[in-house]
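Q: Output the structure for:
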Amino acid sequence: MQVVINTPGTFLTQKDECFRLKQQERVFDISPLKVETIVVSNQAMISSQAVILALEHNIDIVFLDKYGDPVGRIWFSKTGSTSLIRRKQLEAAENPLGLKLVEEMIRQKIKNQVLFLKKLMHARPGQEELFKPSLHVLEEAGARLCLDGAGLDESRNRIMGFEGTAGRTYFRCLSGILPEKYRFKERSRRPAKDPFNACLNYGYGVLYSLVEKACILSGLDPYLGFLHTDNYNKKSLVFDLIEPFRIFGEQTTVYLFTGKQIKDEYFDIQKESVSLNQQGKPVLIEAMNKHLDESVRYRRKNVKRRHIIQHECHRLANILLAESGEKRPDWLEIKEL
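A: Residues are numbered from 1 along each chain as shown. From the prediction side, this is the model:
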């Protein structure tokens, strides 16, 4: 369970070895055994007793800004990481292994986009022509994403080029199936310029926190990436690893809009930006959690979508630890969305 505190004035404390959530006159007690993450946004409060209870049960606490992006977190200090994993991660960042991993991440991202568009197309008989041109561009981008023989800088540029082409085509297609008043021209990040992108950005923020936690628990350094540049305080590996899992936020957002579960009053609209407000955030978070808690087929097992992220981060750590010449574990095998 993910406990989300996003109402101003809400207070989370500890009582009798349980979390106690106070919202005005209402009081809820939650067992820490049922909680995986606590997410705090806006003007909510959390006591030091609640923080200690979370740490004792290895529950991380994530703080979000108004866009839904994580701005800080508190987690258990014994992460299980080793210096060897991080040393191998640094070595991979400067050799073909790192780029090979990134190539597979982006290929899986594009594959996810193709599968999702096909799923949407099959649910709309007679509208195939809305999807076929976009599917052709995406499938071609995925097929051409091969870095054999390319240098590090050239490879990074090629990856970002194919990813950018695929992304623009993909989101234009998604816009075309939304209710007309919610269609958008292009992806907009900070700030979002339309309701769809405001929801999508907030959903991505939830995923960033899950990916960062999975990195920490797997012994990976969130700041040492393979594709994204290593700048001060930039979680480069998180930006790399989130790519195959962005689909979870995209699916949630598309289904909210096409299912007519979005209302105009969920957004604060200004001249140059659109953001989710106090009415809209709980709707998006509830839908996101429901989607992440659904089980899909993954490596011959039924696994919740949110747990796939942790499994793949552990798998990445094992790939980095494998000796040269040794068969490395496969990276990513998401066949069902």
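Q: And for Tyr165, nearest residue in space, chain neighbours not counted?
A: To be clear, residue 165 is Thr; Tyr isn't right here. Ala141 (5.5 Å; Cβ to Cβ, 6 or more residues apart in numbering). Every residue, glycine included, has its C-beta placed from N, CA and C.
Q: and what of Ser273?
A: In space, Ser273 is closest to Pro191, 3.4 Å off (Cβ to Cβ, 6+ apart).
Q: hang on, that neighbour is in a helix, isn't it?
A: No. Pro191 is assigned coil when assessed by DSSP: H, G, I helix; E, B strand; the rest coil, not a helix.
Q: hang on, it packs against Lys271?
A: No. Pro191 is beyond contact range of Lys271, at 10.5 Å (criterion: Cβ atoms under 8 Å).
Q: So between these two, which is more surrounded?
A: Just comparing Pro191 and Lys271: by other Cβ atoms under 10 Å the higher neighbour count belongs to Pro191, 15 against 4.
Q: tell me the contacts of the more buried one?
A: Tyr67, Glu272, Ser273, Val274, Ser275 (Cβ atoms under 8 Å, 6 or more residues apart in numbering).
Q: swap the cut-off to 7 Å and go again
A: Glu272, Ser273, Ser275 (Cβ atoms under 7 Å, 6 or more residues apart in numbering).
Q: so how many other residues sit close to the first one?
A: I take that to be Glu272. Quick note: Glu272 (other Cβ under 10 Å) scores 6 neighbours.
Q: Likewise for Gln270?
A: Neighbours around Gln270, by other Cβ under 10 Å: 9.
Q: what's the spacing between it and Lys281?
A: 17 Å (Cβ to Cβ, to the nearest Å).
Q: Ser273 versus the residue nearest the centre of the chain, what's the distance?
A: Taking Cα atoms, centre = their mean, the centroid of the chain lies closest to Leu207, which sits 2.7 Å from it. For Leu207, the distance to Ser273 equals 21 Å [Cβ to Cβ].
Q: Could you do Tyr170 as well?
A: On the measure of Cβ to Cβ, Tyr170 and Ser273 end up 23 Å apart.
Q: With Tyr298 instead?
A: In terms of Cβ to Cβ, Tyr298 sits 37 Å off from Ser273.
Q: those helices in the stretch 101-250 of the chain, which residues are they?
A: 132-144, 152-177, 195-218, 236-241, 246-258 (DSSP state H, counting those that start in this stretch).
Q: Would you mind checking the average pLDDT for the first one?
A: Confidence over helix 132-144, taken as the mean pLDDT, stands at 90.
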